[in-house]
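Q: let me see the structure of the following:
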Amino acid sequence: MPLTIKVQGQDVMVVEEFVYFGSLIHSSTGSTCDISRRSAITGAAMQSLENQIWRSSLAISTKLKLYNMCILPIILYGSDCWAISKTDARKINALHQWCLGMLLGIKWYQFVRNDDVRRLTKQPKLTAIIQSRRLSLFGHIICMDDNADAKRILLAYPPADWRRQLGRPRITWLSTVQQDLKQQHLTLPEAADLAQNRPLWRMMSTYGATQS
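A: Next up, the predicted model:
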C-alpha cells in the first residue's frame, strides 16, 4: 500500500513526483526533472512542425517569429524558478541550438558553429534568457512588502544551531541567483538595494540576455 499522510484530515498519497500548474515537482527538490520534461515537450513540438513550418519556403524571419511565439514559451514556462546546474545549462543551450538548427535547415553533419547559428538568427543563449527572467523575479520579490511570505523566505537566515548535511550542497534557486549576481559584480544585499529602482533593475536584468 502506498505511503500516505494526513493533511487537514484528508489522506494524501506520498509520491516521488507530481505535476503542479504545469511544472514537475520532484522529491529531490531539484529542477533537473522539470527541465528534462520541458525539453522533451519542446522537442516534440519542434518535430511536429518540421514539415509544415521549418522545411517550408517561409522566410527565416517569419520562422523565427513563430519559434519565439510558439516554441520558446514551452521551454521557458516556469524557468524563472529553476535552480540550474552546469549540466542543466549545457542541455538547455544544446536544445536551443538544435531548435535553431532545424529552423535554419542545418544538418548535423554540416558542423556549423553554435556562434554562427546565433549570429544568423540573432538569438541569445537560452540560459541568458532564463537568467534575465530569474533576475526579474528576484527583483519582483525584493520589492514586495516585508511581510510577504515570498520575501520573508528569500531573506530568511537559518537558525544559529543549524548545520548543513555532509556532502556537496544542493543547488538552490537563491544560489543560482547569487551566481547571476556574481557575474554583475553584485552581492545579494547590493542587488536588493538596486532592485528598489525598478527601471534600473529591469535594464540590468535584461543586459545579460542581450549581450549573450
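Q: domain map for the chain?
A: 16-123, 133-156+170-211 (automatic domain parsing).
Q: which element follows whichever helix or strand Ser36 is part of toward the C-terminus?
A: Here Ser36 sits within helix 32-48, counting by DSSP states H and E. Scanning forward in sequence from helix 32-48 by DSSP H and E, the next helix or strand is helix 60-66.
Q: buried residues in that following helix, which are they?
A: Lys63, Leu64 (16 or more other Cβ atoms under 10 Å). Where C-beta positions appear, they are placed from N, C-alpha and C, glycine not excepted.
Q: list the helices and strands the helix or strand that it is followed by packs on?
A: Sequence-wise, the next helix or strand downstream of helix 60-66 (DSSP H and E) is helix 72-76. Using 3 or more Cβ pairs under 8 Å, 6 or more residues apart in numbering; DSSP states H and E, the elements in contact with helix 72-76 are helix 32-48, helix 86-104, helix 126-142.
Q: could you pull up phi and psi at the closest residue to Ile106 other than its chain neighbours?
A: Spatial nearest neighbour of Ile106, chain neighbours left out: Val112 (5.1 Å); criterion: Cβ to Cβ, 6 or more residues apart in numbering. As for Val112, its main-chain torsions (degrees, to the nearest 10) stand at phi -80, psi 130.
Q: shouldn't Val112 be in contact with Trp98?
A: No - when contacts are counted by Cβ atoms under 8 Å, Val112 is not listed as touching Trp98 (11.9 Å).
Q: quick one, grab the pLDDT at the spatially closest residue to Arg55 that is not a sequence neighbour.
A: Residue nearest to Arg55 in three dimensions, not counting chain neighbours: Gly105, with 6.9 Å by Cβ to Cβ, 6+ apart. pLDDT, Gly105: 91.
Q: repeat for Leu166
A: pLDDT, read off for Leu166, is 69.
Q: with just CA atoms, put stretch 69-79 into CSV.
A: C-alpha atoms of stretch 69-79 as CSV (Å, rounded to 0.1, in the frame of the first residue of the first chain):
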residue,chain,number,x,y,z
MET,A,69,6.0,33.0,-30.0
CYS,A,70,5.0,29.3,-30.1
ILE,A,71,8.1,27.2,-29.1
LEU,A,72,10.1,29.2,-26.7
PRO,A,73,7.2,29.7,-24.2
ILE,A,74,7.1,25.9,-23.9
ILE,A,75,10.6,25.5,-22.6
LEU,A,76,10.5,28.8,-20.7
TYR,A,77,7.4,28.1,-18.7
GLY,A,78,8.4,28.2,-15.0
SER,A,79,12.0,28.6,-15.9
